[in-house]
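Visitor: Next come a sequence and a model predicted from it.
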Amino acid sequence: MNNRSNVKARCALHKITPYSPGKPIWELQAERGLSSVTKLASNENPLGPSPKAMEAISLLLPDIHRYPDAGASRLRQALADKYEMNPGQFLVSNGGDELITLIAETFLDPEDEMIICSPSFSEYEFGAHLMGASVISVPLDKDFQFDMDAIIGAVTPRTRLLCLCSPNNPTGTYIPAKVLHHLLDILPDHVVVLLDAAYSQFAEAPDYTNGLEFVRAGYPLIVLQTFSKIYGLAGLRVGYGIAPEAIIQQISKVKEPFNVNMLAQAAAEAALGDEDHMHKTLAVNAYGKLQLYHAFQSLELSYIDSMSNFVLVEIGAEAKRVYEELLSRGVIVRYGGIWNLPRHIRVSVGTQEENEVFSAALKDILG
Ligand SMILES: *Cc1c(COP(=O)(O)O)cnc(C)c1O
């Protein structure tokens, strides 16, 4: 037996813990022999992909022996048209997740610090750990709002990146435009801000901002977007960043040339133009959120008003057991333990029927 495969990996890898994804439908089916499974765990579009995206993919199948467009130029032009910006202000990535890694690779040296708020999306930390940089975690306040004084207080001469998520995953809370504006004005010049707006399309509060006004104004801000949520293309892996051109040029240096495949680029472009699918999705989400709120009210559970397509609800000391019992009934949600919220679960808003299945199972378990 040769033991030389025990070679030592980089020290930075010690801090990396594997991402904990929502349980896939096939896995639960295989484990428990269930025929029907309701997955409300990954904030996917319950209506499925845009029909226009599916058509765009089928038209391209005869061309997949060719390399994709390295610059995703058609998609970037479509995005530029939509937002009335310049294609040079966009960078297309293999899902929003890849953009986070690219940003870390662009801006973080090992002596640098990155500020995150918690609880929030776990992939920011992954990027910092990968580069051997330090993570400074600032808790949200008791109502799960962003604590701007604490964030500003955490900035040091070593801070390079500040990661904000609005609407925030997993809480559904958001940062009002004025508050973000004030923050951007007082941050020192050596701090780049990542505003993760993966759920921006669902945010209906009048004082919400997706950050684009600040990119247009030239602040050192990178807005993250994805086609995985409202556009229903999670399986294809496509997202993008919007930032001042100089920042996009820096990030482009670490991007692999063919990071986004041909089918994903075409599907994203088609989905972007499918307003009908987008409006249907928003309507289903608005209705579904009320269904979930009603179910929680009738069970006297407290939940956080969500600007997104998921709801964080406090189940109490039994949350883990409730999560497990939902699984055995074929309903997949997220247990809050992964965010240090052991009394909570996060449930994605589904179709009317999926929300009914979930609510009935929850009532059965708790009642
Ligand atoms: C889903 C999600 C993303 C990006 O997901 P991709 O599938 O990699 O595009 C980014 N941020 C948050 C907060 C998310 O929930």
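Guide: On my side now, so go ahead. Numbering: from 1, shown residues only.
Visitor: Next to the ligand in this structure, residues from this structure, please.
Guide: For the chain, the contact set with the ligand under CB under 6 Å from any ligand atom comprises 43, 95-97, 121, 165, 169, 196, 198, 224, 226, 228-229, 234, 239. Bear in mind the C-beta positions are built from the backbone N, C-alpha and C, glycine included.
Visitor: Out of these, name the ones that lie in helices.
Guide: 95, 96, 97 (DSSP state H).
Visitor: Contacts only, for the first one.
Guide: Same thing as residue 95. 226, 228, 237, 238, 239 (CB atoms under 8 Å, 6 or more residues apart in numbering).
Visitor: most neighbours, which of these?
Guide: In terms of neighbours by other CB atoms under 10 Å, those top out with residue 238 at 29 neighbours.
Visitor: where's that residue relative to residue 343, distance?
Guide: 35 Å (CB to CB, to the nearest Å).
Visitor: can you check residue 40 too?
Guide: Distance from residue 40 to residue 343, by CB to CB: 19 Å.
Visitor: who's in contact with residue 262?
Guide: 60, 63, 64, 66, 67, 68, 69.
Visitor: Can you lay out the residues you listed as CSV showing secondary structure, pLDDT and distance to residue 334?
Guide: What follows is the contacts of residue 262, written out as CSV (DSSP: H, G, I helix; E, B strand; the rest coil; pLDDT from 0 to 100; distance: CB to CB, whole Å):
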residue, secondary structure, pLDDT, distance to residue 334
60, helix, 97, 34
63, helix, 97, 38
64, coil, 97, 34
66, coil, 98, 39
67, coil, 98, 37
68, coil, 98, 33
69, coil, 98, 35
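Visitor: Just the buried ones from those?
Guide: 60, 68, 69 (16 or more other CB atoms under 10 Å).
Visitor: for the chain, what's the longest helix?
Guide: The chain, longest helix under DSSP H: helix 275-298.
Visitor: Setting aside sequence neighbours, what's the nearest residue to residue 325?
Guide: Among residues not flanking residue 325 along the chain, residue 365 sits closest, at 4.8 Å (CB to CB, 6 or more residues apart in numbering).
Visitor: all helices for this structure, in order.
Guide: 25-32, 51-60, 73-83, 95-107, 123-130, 148-154, 177-186, 212-216, 245-252, 262-272, 275-298, 319-328, 352-366.
Visitor: Against which helices or strands is the shortest one packed?
Guide: What it means is helix 212-216. Applying 3 or more CB pairs under 8 Å, 6 or more residues apart in numbering; DSSP states H and E, we find helix 212-216 packed against helix 177-186, strand 221-226.
Visitor: What average pLDDT does the shortest one get?
Guide: Here strand 221-226 scores 98 as its mean pLDDT.
Visitor: list the helices and strands it packs on?
Guide: Checked by 3+ CB pairs under 8 Å, 6+ apart, strand 221-226 has helix 95-107, strand 192-196, helix 212-216, strand 239-242 packed alongside it.
Visitor: Make JSON lines out of those and add mean pLDDT and distance to residue 303.
Guide: Below are those laid out as JSON lines (pLDDT from 0 to 100; distance: least, CB to CB, whole Å):
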{"stretch": "helix 95-107", "mean pLDDT": "98", "distance to residue 303": "25"}
{"stretch": "strand 192-196", "mean pLDDT": "98", "distance to residue 303": "22"}
{"stretch": "helix 212-216", "mean pLDDT": "98", "distance to residue 303": "29"}
{"stretch": "strand 239-242", "mean pLDDT": "98", "distance to residue 303": "28"}
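Visitor: Make JSON lines from the ones you listed and add distance to residue 117 to it.
Guide: Formatted as JSON lines, the helices and strands packed on strand 221-226 follow (distance: least, CB to CB, whole Å):
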{"stretch": "helix 95-107", "distance to residue 117": "15"}
{"stretch": "strand 192-196", "distance to residue 117": "11"}
{"stretch": "helix 212-216", "distance to residue 117": "18"}
{"stretch": "strand 239-242", "distance to residue 117": "19"}
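Visitor: Residue 331: which of those is closest?
Guide: helix 95-107 (25.6 Å; CB to CB).
Visitor: in the closest one, what's buried?
Guide: By neighbour count with 16+ other CB under 10 Å, helix 95-107 contains the buried residues 95, 96, 97, 98, 99, 100, 101, 102, 103, 104, 106, 107.
Visitor: need the contact list for the fourth one.
Guide: With contact taken as CB under 8 Å, 6+ apart, residue 98 is in contact with 237, 239, 259.
Visitor: nearest to residue 7, of those?
Guide: residue 259 (27.8 Å).
Visitor: mind listing what residue 265 touches?
Guide: 68, 69, 72, 74, 75, 92, 238.
Visitor: ok, of the residues you listed, which one's closest to residue 272?
Guide: Closest to residue 272 out of the contacts of residue 265 is residue 75 (7.7 Å), distances taken as CB to CB.
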